[in-house]
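**Q** got a predicted structure here, sequence first:
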Amino acid sequence: MTLPKEIAILSVPFDLGAGRRGATEGPSAIIQAGLEQRLQSLGMASEDAGAIRYTATSEIDQASDNLKNLADVIAVNEALSEQVSRVISSGKFPLVLGGDHSIAIGTIAGVAQHYNNLGVIWIDAHSDLNTPETTGSGNIHGMSLRVSLGEGDARLTGIGGAGAKIKPENVVLIGARSLDPGEKAYIKAGNMTCFTMYDVDRKGMSHIMEEAIRIAGNGTDGVHLSFDIDSVDPGEAPGTGTPVQGGLSYREAHLAMEMLGESGIVTSAEFVEVSPAHDSGNKTANLAMELICSLLGERIL
Ligand SMILES: NC(=[NH2+])NCCC[C@H](N)C(=O)O
Ligand SMILES: [Mn+2]
Ligand SMILES: [Mn+2]
């Protein structure tokens, strides 16, 4: 696999999977940061495939404690999975802009229709491995990776077709530093690789990425990158709903993208949780735009 030439940008202005509102404005802020011009100067054709349309329920539903706004999360993700699948069928590289991280459910469901053994690199301060039983918040963006693994509420795991879309042994988590008890138990019991911030500090990002590329790329037929901007330290990425101290540095995040770009293994990507309302200026949206460019081939020299 080499670098994609044709990119289809799918915007998902959705934030009902998160506890704090604001990620609806993420996609337009990233695009307005100049994404398309930058991709063009890299010699890439990008198509703004527009925003995902779905029928919203009329009321915000905070009543179902363990699965907040379930109906909207299902509706947007069903629509997204169809769009993502269509982009791949057309031979283009799907670049999904969130939106909160619940949209990974739809992205991965759409991508997985084209790959039997999909690798996933999940860069995040969190692990998003909660179930309705282990969640403390009821926010579905904290459950999306677990849903993609086929566990949790059947109405979520059934999006884009029933069952698991990915296997734990093909998943690599990077940047974790805020894990709930049920998530820790799942990671410790299973065969999923998790490089926490401790590992990043101890081994260095270069080593971590070599390992991640080996694990996610080995024996898989495609690799999806799910990049939660809250993986980056809040000093560099303040514009996000659930910031956690002690995150990736500016260069660690770029190095991760540069190495992934060089590896040529990534077949789809999403950048989520940019929330301009919490940003200082457009710092976080700008960073997301730059990281996308590093992934897609931009280099210092
Ligand atoms: N995609 C995210 N930012 N997720 C944050 C999840 C936080 C917490 N673990 C929860 O379940 O609510
Ligand atoms: Mn996340
Ligand atoms: Mn997160």
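**A** Thanks, I have it. Ligands and ions are numbered 1, 2, ... in the order given.

**Q** show me what contacts the closest residue to D233 other than its chain neighbours?
**A** Distances taken as CB to CB, 6 or more residues apart in numbering place G247 nearest to D233, at 3.6 Å, with adjacent residues excluded. Using the backbone N, CA and C atoms, a C-beta is placed for each residue, glycine as well. Counting by CB atoms under 8 Å, 6 or more residues apart in numbering, G247 touches A125, G175, R177, M197, D230, S231, V232, D233, P234, E236, A237.

**Q** repeat the analysis, applying 6 Å as the threshold.
**A** By CB atoms under 6 Å, 6 or more residues apart in numbering, G247 lies in contact with A125, S231, V232, D233.

**Q** right, and T134 touches G182 too?
**A** Yes: the pair T134 / G182 is scored as a contact, 2.7 Å apart, by CB atoms under 6 Å.

**Q** helix/strand/coil for the spatially most central residue of the chain?
**A** By CA atoms, centre = their mean, the mean C-alpha position of the chain lies nearest to S226, the distance being 2.8 Å. Three-state call for S226 (DSSP: H, G, I helix; E, B strand; the rest coil): strand.

**Q** that one and I123, how far apart?
**A** From S226 across to I123, the span is 7 Å (CB to CB, to the nearest Å).

**Q** over to A29?
**A** For A29, the distance to I123 - CB to CB - is 19 Å.

**Q** same thing with S275?
**A** Taken as CB to CB, the span from S275 to I123 is 17 Å.

**Q** neighbour count winner among those two?
**A** More neighbours surround S275 than the other of S275 and I123, with 29 against 26 (other CB atoms under 10 Å).

**Q** please name the nearest non-neighbouring residue to the more buried one.
**A** G22 (3.5 Å).

**Q** get me the contact residues on this structure for ligand 3.
**A** Within the chain, the positions adjacent to ligand 3 are D124, A125, H126, D228, D230 by CB under 5 Å from the ion.

**Q** so which of those residues wins on neighbours?
**A** D230 (29 neighbours).

**Q** shouldn't that residue be in contact with T240?
**A** Yes: judged on CB under 6 Å, D230 makes contact with T240 at a distance of 4.5 Å.

**Q** picking that back up, the residues of the chain next to ligand 3 in strands, which ones?
**A** Mapping these onto strands (DSSP state E) picks out D228.

**Q** which one of the residues of the chain next to ligand 3 is nearest to A79?
**A** Set against A79, the nearest of the residues of the chain next to ligand 3 by CB to CB is D228 (21.2 Å).

**Q** so how far is P243 from E236?
**A** 11 Å.

**Q** of the two, who's got more company?
**A** For E236 and P243, the more surrounded residue by other CB under 10 Å is P243, and the numbers stand at 21 against 17.

**Q** next, the contact list for the more buried one, please.
**A** D230, P234.

**Q** ok, now with 8 Å
**A** Listed by CB under 8 Å, 6+ apart, the contact partners of P243 are A125, D230, P234, A237, H278.

**Q** next, it: secondary structure please.
**A** coil.

**Q** mind giving me the packing neighbours of the helix or strand containing A104?
**A** Using DSSP states H and E, A104 maps to helix 104-112. On a contact count with 3 or more CB pairs under 8 Å, 6 or more residues apart in numbering; DSSP states H and E, helix 104-112 meets helix 70-89, strand 93-98, strand 118-123, helix 144-148, strand 222-228, strand 266-272.

**Q** would JSON lines of those with distance to N282 and mean pLDDT be doable?
**A** Below are the helices and strands packed on helix 104-112 laid out as JSON lines (distance: least, CB to CB, whole Å; pLDDT from 0 to 100):
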{"stretch": "helix 70-89", "distance to N282": "25", "mean pLDDT": "98"}
{"stretch": "strand 93-98", "distance to N282": "14", "mean pLDDT": "98"}
{"stretch": "strand 118-123", "distance to N282": "21", "mean pLDDT": "98"}
{"stretch": "helix 144-148", "distance to N282": "26", "mean pLDDT": "98"}
{"stretch": "strand 222-228", "distance to N282": "18", "mean pLDDT": "98"}
{"stretch": "strand 266-272", "distance to N282": "15", "mean pLDDT": "98"}
